[in-house]
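S.K.: what's the 3D shape of this:
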Amino acid sequence: MHRVELSIEEAVLRALENNRALHVERLNPQIQRTFEAQARAAFDPVLSAGAAVSREEAIGGTNGNNNLTVTEGSVGLSQALPTGTELGLELATDQARGAASSEDYATRAGLTVQQSLLQGFGTGASLATLRQARLDTQFSEYELRGFAEALVAQIEAIYWDYVRGLRLAAIYEKSLNLAEQQAQETRERIRVGDLAETELAAAQAEVARRQEALINLRSEVSTQQIRLWRLVQPGALSSTQREWVPVSRPATPDIRLSPVEEHVAVALQKRPDMNQARLLIERGDVELIRTRNGLLPRMDLFLRLGKTGYADSFGDSVQNLDGDAYDLSGGVNFEFPIINRDARARHRRAALVKAQAEESLLNIEDLIREDVETAYIEVERTRQQIDATATTRRFEEEKVRAEMAKFRVGKSTALLVAQAQRDLVLSEVAEVQAVIGCLKALANLYRLDGTLLERRGIASPG
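M.R.: Below you'll find the predicted structure:
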């Protein structure tokens with residue numbers, strides 16, 4: 001079996017590089033940015049061109065048949081502005097050819113300006129889609145940050161669970177050896193007549209009990225290793241061919257926690273879900289601007305200005321554009337649905353959605369306070385448990401030594417020795433679990449106050 005050394009820092013870095021679920025999440029901001037480009041496309045200039053040919057034949061009359069062929073061509077450029085203005089430039093030419101092979105050309109250059117005066121006026125409504133697309137991109141970046149924080153916390157938790165499993169397996173292997181030695185010593189004393197045969201059952205039961213616990217622990221370690229493989233290096237060799245060797249040792253973290261109020265304040269500022277809730281309120285504000293504008297009537301002012309040149313050739317007709325022939329028109333278009341139920345419903349829905357987002361923000365604030373304060377209490381509890389479990393383990397060691405000494409002089413029984421050894425094992429297990437629990441609780445606190453990535457030196461969007 002190939003053994004691979006792995007520190008907790010390396011496990012986190014490998015997961016951020018290789019984890020497939022994170023690769024999926026990283027694509028979301030890029031996908032959202034395409035909606036920004038799509039929204040900006042509404043203000044892209046549009047080039048248009050067209051051509052047509054028509055033919056008329058008139059039969060009879062004093063001049064016989066009169067045939068007329070008209071060829072039309074045009075090219076134009078139009079653009080919408082965020083102010084609600086639409087601009088258009090057009091160059092068009094007509095060629096008319098009669099039966100006598102005579103040709104007449106008319107070339108026109110025109111400018112069209114249309115300005116929304118009520119609905120569609122100003123940048124508020126025109127840029128609403130673009131602003132919402134940008135907010136959605138920021139939303140996806142915060143979502144990616146939250147996913148990355150959860151992944152880092154998960155990696156650290158699984159790593160320490162793996163270390164815990166290895167430590168506990170070592171403890172139970174040691175305790176199994178002691179139980180087997182105790183059983184062997186009991187057999188010898190029974191053989192020489194120092195103990196009754198009934199003492200052997202307790203010793204053998206203790207051996208079986210510790211074998212059972214060791215089997216369960218080894219299975220748990222294998223399971224944790226598989227989970228670690230999937231998160232850190234998916235698609236690599238099976239865990240039956242490779243084995244992680246953790247090099248980071250669990251130790252009591254030497255830190256001084258800030259007051260819980262500071263952790264709560266930081267969480268309210270940095271937590272991705274809190275910032276996402278704020279973005280939803282901003283998005284609701286933009287939607288209110290858009291729907292409020294939709295309540296207004298549609299009234300557009302338009303102006304069309306053109307100059308036309310006439311000649312018997314295309315080149316001359318273009319040159320004659322600076323002549324006196326021109327056309328000018330202007331006016332106002334007005335449109336308003338009398339009941340306007342669609343716009344009113346949209347505006348009402350936007351107001352309700354924003355109110356819902358504001359209530360959601362307040363609810364998230366309460367949940368964040370609860371999360372951080374609960375996690376803070378758990379860190380303090382586990383830190384205190386480290387000293388308490390270490391003290392318990394030392395006393396249990398003394399208890400086992402005393403019970404063994406009494407057993408050897410015939411003042412104790414195999415059952416009492418087994419119970420003392422079992423209590424020692426449980427105290428050693430509790431000590432390991434207290435240290436691992438403190439490390440996991442601390443990482444969870446940093447995740448819940450939104451600073452885990454920063455404390456691990458990991459840059460992220462959002």
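
S.K.: give me the contact list for stretch 44-62.
M.R.: Defining contact as Cβ atoms under 8 Å, 6 or more residues apart in numbering, one finds that stretch 44-62 is touched by 65-79. C-betas here are computed from N, CA, C, even on glycine.

S.K.: what count of nearby residues applies to D322?
M.R.: D322: 9 surrounding residues under other Cβ atoms under 10 Å.

S.K.: so what's it up against?
M.R.: D322 makes contact with 307, 309 under the criterion Cβ under 8 Å, 6+ apart.

S.K.: and it, how far from V232?
M.R.: For D322, the distance to V232 equals 76 Å [Cβ to Cβ, to the nearest Å].

S.K.: which residues of the stretch 351-462 of the chain score low on pLDDT?
M.R.: Segments of the stretch 351-462 of the chain classed as low confidence (criterion: pLDDT under 70) are 462.

S.K.: domain-wise, how is the protein divided?
M.R.: If you go by automatic domain parsing, the domain ranges for the chain are 2-44+122-297+340-455, 48-80+85-119+299-335.

S.K.: and these, which one's lowest on average pLDDT?
M.R.: Ranked by mean pLDDT, the domains of the chain end with domain 48-80+85-119+299-335 at the bottom, a mean of 86.

S.K.: and that one, how far out from the chain middle?
M.R.: The offset between the C-alpha centroid of domain 48-80+85-119+299-335 and the centroid of the whole chain comes to 55 Å, using Cα atoms, centre = their mean, to the nearest Å.

S.K.: just the helices in the stretch 251-400 of the chain please.
M.R.: With DSSP state H, counting those that start in this stretch as the definition, the stretch 251-400 of the chain shows helices at residue ranges 260-270, 272-294, 314-319, 341-408.

S.K.: about what we covered before: and of the domains of the chain, who's closest to P461?
M.R.: domain 2-44+122-297+340-455 (3.8 Å; Cβ to Cβ).

S.K.: endpoint to endpoint, the closest one covers what distance?
M.R.: For domain 2-44+122-297+340-455, the separation between the terminal residues is 33 Å (Cα to Cα, to the nearest Å).

S.K.: same check on stretch 10-27?
M.R.: By Cα to Cα, the extent of stretch 10-27 from end to end equals 24 Å.

S.K.: list the buried residues in it.
M.R.: When neighbours are counted by 16 or more other Cβ atoms under 10 Å, the buried residues of stretch 10-27 are found to be 11-16, 19, 22, 25-26.

S.K.: with secondary structure and distance to H263 added, can I get those in JSON lines?
M.R.: Conversion of the buried residues of stretch 10-27 to JSON lines gives the following (DSSP: H, G, I helix; E, B strand; the rest coil; distance: Cβ to Cβ, whole Å):
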{"residue": "A11", "secondary structure": "helix", "distance to H263": "25"}
{"residue": "V12", "secondary structure": "helix", "distance to H263": "22"}
{"residue": "L13", "secondary structure": "helix", "distance to H263": "26"}
{"residue": "R14", "secondary structure": "helix", "distance to H263": "29"}
{"residue": "A15", "secondary structure": "helix", "distance to H263": "25"}
{"residue": "L16", "secondary structure": "helix", "distance to H263": "24"}
{"residue": "N19", "secondary structure": "coil", "distance to H263": "27"}
{"residue": "L22", "secondary structure": "helix", "distance to H263": "26"}
{"residue": "E25", "secondary structure": "helix", "distance to H263": "26"}
{"residue": "R26", "secondary structure": "helix", "distance to H263": "28"}
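
S.K.: looking at those, which is nearest D194?
M.R.: When these are compared for distance to D194 (Cβ to Cβ), A11 comes out closest, at 53.0 Å.

S.K.: show me where the protein has strands.
M.R.: When secondary structure is read from DSSP state E, the chain shows strands at 2-6, 46-58, 66-80, 85-97, 103-116, 242-246, 298-311, 326-335.

S.K.: other SSEs contacting the longest one?
M.R.: Counting contacts by 3 or more Cβ pairs under 8 Å, 6 or more residues apart in numbering; DSSP states H and E, the secondary-structure elements packed against strand 66-80 are strand 46-58, strand 85-97.

S.K.: can you list the buried residues in that strand?
M.R.: Using 16+ other Cβ under 10 Å as the burial criterion, the residues of strand 66-80 that qualify are 71, 73-74, 76, 80.

S.K.: ok, the closest residue in space to I255 that isn't next to it in sequence - how many residues close by?
M.R.: The shortest distance from I255 to any residue that is not its chain neighbour, by Cβ to Cβ, 6 or more residues apart in numbering, is 7.5 Å, and that residue is L442. Burial measure for L442: 21 neighbouring residues, criterion other Cβ under 10 Å.

S.K.: for L442, list the residues it contacts.
M.R.: Residues counted as contacts of L442 (Cβ under 8 Å, 6+ apart) are 253, 255, 379.

S.K.: from those, which is closest to L178?
M.R.: The nearest member of those to L178, counting by Cβ to Cβ, is P253 at 31.5 Å.

S.K.: if I look at the closest one, how far off is I436?
M.R.: As for P253, its distance to I436 is 11 Å (criterion: Cβ to Cβ).

S.K.: higher neighbour count, the two?
M.R.: Just comparing P253 and I436: by other Cβ under 10 Å the higher neighbour count belongs to I436, 22 against 16.

S.K.: residues in contact with A351?
M.R.: A351 makes contact with L288 under the criterion Cβ under 8 Å, 6+ apart.

S.K.: what is the burial count for the residue nearest to D327 when sequence neighbours are not counted?
M.R.: If you skip the residues right next to it in sequence, D327 has G306 as its closest partner in space, 4.8 Å away by Cβ to Cβ, 6+ apart. Using other Cβ under 10 Å, G306 has 17 neighbouring residues.

S.K.: which residues pair with G306 across the strands?
M.R.: For G306, the beta-bridge partners are G110, D327 (DSSP bridges).

S.K.: wait, what's in contact with it?
M.R.: Applying Cβ under 8 Å, 6+ apart, we find G306 in contact with 108-111, 326-328.

S.K.: if you set the cut-off to 6 Å instead, what comes out?
M.R.: The neighbourhood of G306, defined by Cβ atoms under 6 Å, 6 or more residues apart in numbering, consists of 108, 110, 327.

S.K.: buried ones among those residues?
M.R.: 108, 110.

S.K.: beta partners of the nearest residue to Y310 once chain neighbours are set aside?
M.R.: Leaving aside its sequence neighbours, Y310 sits nearest to A106 (Cβ to Cβ, 6+ apart; 5.4 Å). Each beta-bridge partner of A106 is listed here, defined by DSSP bridges: D94, Y310.

S.K.: how far away is A106 from A96?
M.R.: When Cβ to Cβ is the yardstick, A106 and A96 sit 8 Å from each other.

S.K.: just G122 next, same as before
M.R.: Using Cβ to Cβ, one obtains 45 Å as the distance from G122 to A96.
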